[in-house]
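Participant: Would you be able to build a 3D model of this:
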Amino acid sequence: MLVLILCLLFTSKIASGRATQKENVLVLTEVGLSHSLTNVMMQQIVAELGGAPDRQVEFYLESFDLMSLPEKLTLLEVRQWLEKKYSGQKIDIVVALGPNVIRFLATQSQALFSDVPIVICGAAPGQAGDPALDSRFTGTWMKLEPAKTVDAALRMFPDTRHLVMVAGTSSYDRMAATLTKAELQSFEPRLDISYFSELEMDQLLEQLRQLPKQTIVLYVSFFQDAAGNKFVNATKALPMIVEASNAPVFGLSDTYLGSGIVGGFVMSFQEQGRATAKIISQLLDGKKAQEIPIVTYQSVPLFDWKALQRWHIPAASLPAGSLVLFHEPDLWERIRGMWITACVIIAALSCLVVYLQYNRTQLKLAKARQSQLSGMLIGAEEKERSRVAAELHDDFSQRLALLALGLENAAESLPDSAQEANRQLHELVNSASELGADLHTLSHRLHSTTLERLGLIPGVSAFCKEFQAQQGVRVEFTHNEVPQVVHADVALCLFRIVQEGLRNVQKHSGANNAKVGVYKKAQKLTVFVSDQGAGFDTRKLEMKEGLGILSMEQRAHLMGGQFQIRSEPGRGTRIDAWVPVEPPSEPENNKTL
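Facilitator: Residues are numbered from 1 along each chain as shown. I've put the predicted structure just below:
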């Protein structure tokens, strides 16, 4: 076990050392980073390899155009310069980016970087002169297919009669122009083809402004004009040419998209950059160059949406599988997200409104049921009060009266000598009489026969007098314009409010005087009970446990009226209730209220 653990530790240290070891990649380019071709390829390579956490890659970049060396160097001098500069530097991989670089390394491979794998990219075989590559070479080729671009252009502009090819005078421009001319020969019987490849920039722009109708332009490459003026191909020369041309311009490289060309079957430097990065990664992982075959990437149909709109080219005329870049959303596409969000919000709010409306309806039904139940309970209470009062009055009161009469007769029949017995019988007669009076009072409280027989005002008046006599609280009763006949439910409601209000005066206020009033105003009957007693804080009314106030309020609401209580500590209390002269129509089980 100890030997095994030591072996594992040793292996992990070796692996760790490999993961952190610096690996050097030399990139030789035909043009510098100011050119889109080099820039796009390097971005993809660095992005793929630089983000790997288990490797440390150092990139060295050399451009044949930008290095500080005398002009017109021979291939031998270039090779000697590279050998001198990198003789003391360990190079793990060389990347040849561009046709001239590939051709140079193919001819100098035995003397320069003899033991280092070389990855080619950024060129078509014909552009590099179809070089013979030994086993140290791997990588990717691109396919230059101008004929496919012209076919696509003719599909978009079927009335085309003239084709203009634009190219510069650098070695790269002339090689690309030669390959393009060879493929365009198949269109000569159908089209009038002009080659603008040996012109100065000013002459070229002037001729492009005067192109005849039914013309299309094929842009190949323009690094240098006939006067020797140098240009950055994709970002300087191409925009000038597109702006001057009065005909649609097509191209052969994905780096040209965004400069105003319509598009075409283009070489994808971006895709080739990713493929090159994967090959470099495989080589750094220990794979041999001869184990990785060179792959040729076909051109891809890419088009610029803005240029399509400018030249009114319908999407249906594009080749199958085309990709459209730089698409700007129309008004509907720009606001579609907002509309969808708004619709979702509206739908949510609508659902919320429906839900709230449903809850409101349910709450109304619950309140209606509660009011109905309250009315039924109060009606049952009144019926029970009436039944108990009648039973007390008709049964117990009569029996107690008979008992008192019997005791009185018995007392009279006793001889005078039985003085003590006679006294006790008189006491029993008095007790029975008091009990009868109390039962009569209780019966009247439970159900006022005066209210039932004589009406609201006589009933309330009788109760106020009875209350004053029994409780010792002076009650001042007033009334005004109250009809002689009041609906039984309304009369009972107001009577109970007066009854409960005076009881609260006696229980809580400590006042010796109270006022009760009943009067008619418009089509409503109003009742009030007031005192100048202790009063209370109405904000704490909900904390009180008594049912009296709740009962008064519920009675008023059941009659379709309102109830209000006003009070302040030390300033007395006033109860007001307003109910219609005619109560609202109700179910039969509520009409006894």
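
Participant: CA atoms only for whatever helix or strand T138 lives in, dumped as PDB, please.
Facilitator: Element membership of T138 [criterion: DSSP states H and E] is strand 137-142. Once side chains and other backbone atoms are set aside, the C-alpha atoms of strand 137-142 remain, and they are given as PDB (Å, rounded to 0.1, in the frame of the first residue of the first chain):
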ATOM      1  CA  PHE A 137       2.200  19.300 -42.000                       C
ATOM      2  CA  THR A 138      -1.400  19.100 -40.900                       C
ATOM      3  CA  GLY A 139      -4.300  21.600 -40.700                       C
ATOM      4  CA  THR A 140      -7.100  22.800 -42.900                       C
ATOM      5  CA  TRP A 141      -7.600  24.100 -46.500                       C
ATOM      6  CA  MET A 142     -10.400  26.300 -47.600                       C
END
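
Participant: can you confirm F265 is in a strand?
Facilitator: Yes: for F265, which was evaluated using DSSP: H, G, I helix; E, B strand; the rest coil, the result is membership in a strand.

Participant: L492 touches G459, doesn't it?
Facilitator: No: in this structure, L492 is not within contact of G459 by CB atoms under 8 Å, at 9.1 Å. In this view, the C-beta of every residue, glycine as well, is placed from N, C-alpha and C.

Participant: so where do the strands sit in the stretch 401-550 of the chain?
Facilitator: In the stretch 401-550 of the chain, strands defined by DSSP state E, counting those that start in this stretch lie at 474-480, 513-521, 524-531, listed in chain order.

Participant: What helices and strands are in contact with the shortest one?
Facilitator: Under the contact criterion of 3 or more CB pairs under 8 Å, 6 or more residues apart in numbering; DSSP states H and E, strand 474-480 touches helix 456-471, strand 513-521.

Participant: List the buried residues for the last one?
Facilitator: Going by neighbour count (16 or more other CB atoms under 10 Å), the buried part of strand 513-521 is A514, K515, V516, G517, V518.

Participant: same question, stretch 250-270
Facilitator: 250-269.

Participant: Relative to the whole chain's centre, how far out is stretch 462-480?
Facilitator: How far stretch 462-480 lies from its chain's middle: 69 Å, per CA atoms, centre = their mean, to the nearest Å.

Participant: center of the protein - which residue?
Facilitator: Relative to the mean C-alpha position of the chain, the nearest C-alpha, by CA atoms, centre = their mean, is the one of T341, at 7.8 Å.

Participant: Looking at stretch 579-593 now, give me its mean pLDDT.
Facilitator: Across stretch 579-593, pLDDT averages out at 62.

Participant: In a markdown table, list the strands of the stretch 401-550 of the chain along with distance to G337 and mean pLDDT.
Facilitator: A markdown table is the format used below for the strands of the stretch 401-550 of the chain (distance: least, CB to CB, whole Å; pLDDT from 0 to 100):
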| stretch | distance to G337 | mean pLDDT |
| --- | --- | --- |
| strand 474-480 | 71 | 92 |
| strand 513-521 | 62 | 92 |
| strand 524-531 | 59 | 93 |
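
Participant: So for G264, what's the nearest residue that isn't a sequence neighbour?
Facilitator: Once its chain neighbours are removed from consideration, G264 has its nearest residue in T149; the separation is 3.3 Å (CB to CB, 6 or more residues apart in numbering).

Participant: okay but that neighbour is in contact with L218, surely?
Facilitator: Yes: using CB under 8 Å, T149 makes contact with L218 at a distance of 6.6 Å.

Participant: quick one, which of the two is more surrounded?
Facilitator: Set side by side, T149 and L218 give different neighbour counts by other CB atoms under 10 Å, the larger being at T149 (26 against 23).

Participant: Tell me the helices and strands packed up against the helix or strand hosting the more buried one.
Facilitator: Here T149 sits within helix 146-156, counting by DSSP H and E. Using 3+ CB pairs under 8 Å, 6+ apart as the contact definition, the elements that helix 146-156 packs against are helix 171-184, strand 215-221, strand 249-250, strand 263-266.

Participant: Name every sheet partner of the next helix or strand along the chain from it and say whether each one runs parallel or antiparallel.
Facilitator: Elements were assigned by DSSP H and E; along the chain past helix 146-156, the next helix or strand is strand 162-167. Sheet partners assigned to strand 162-167 using DSSP bridges are listed as strand 192-196 (parallel), strand 215-221 (parallel).

Participant: returning to what we had before: I'd like the distance from the helix holding T149 to the chain centre, please.
Facilitator: Distance of helix 146-156 from the chain centroid (CA atoms, centre = their mean) equals 46 Å.

Participant: next one: stretch 360-367
Facilitator: Distance of stretch 360-367 from the chain centroid (CA atoms, centre = their mean) equals 33 Å.

Participant: now swap in stretch 135-152 and tell me
Facilitator: 47 Å.

Participant: tell me how far the ends of it are from each other?
Facilitator: From the first residue to the last, stretch 135-152 extends over 38 Å; the measure is CA to CA, to the nearest Å.

Participant: And stretch 184-200, by the same measure?
Facilitator: Terminal residues of stretch 184-200 are spaced 23 Å apart (CA to CA).

Participant: returning to what we had before: what would the strands paired with strand 162-167 look like in CSV with mean pLDDT and distance to G228?
Facilitator: Compiled in CSV, these are given as follows (pLDDT from 0 to 100; distance: least, CB to CB, whole Å):
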stretch, mean pLDDT, distance to G228
strand 192-196, 96, 17
strand 215-221, 96, 16
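
Participant: Out of those strands, which one sits most buried?
Facilitator: Among the strands paired with strand 162-167, the stretch with the highest mean neighbour count (mean count of other CB atoms under 10 Å) is strand 215-221, at a mean of 25.

Participant: neighbouring contacts of the helix or strand following that strand?
Facilitator: Later in the chain than strand 215-221, the nearest helix or strand by DSSP H and E is helix 238-244. By CB atoms under 8 Å, 6 or more residues apart in numbering, the surrounding residues in contact with helix 238-244 are 166, 201, 204-206, 208-209, 217, 219, 222, 249, 251, 256, 259-261.

Participant: go with 6 Å
Facilitator: For helix 238-244, the surrounding residues in contact (CB atoms under 6 Å, 6 or more residues apart in numbering) are L205, L208, R209, V249, Y256, S259, G260.
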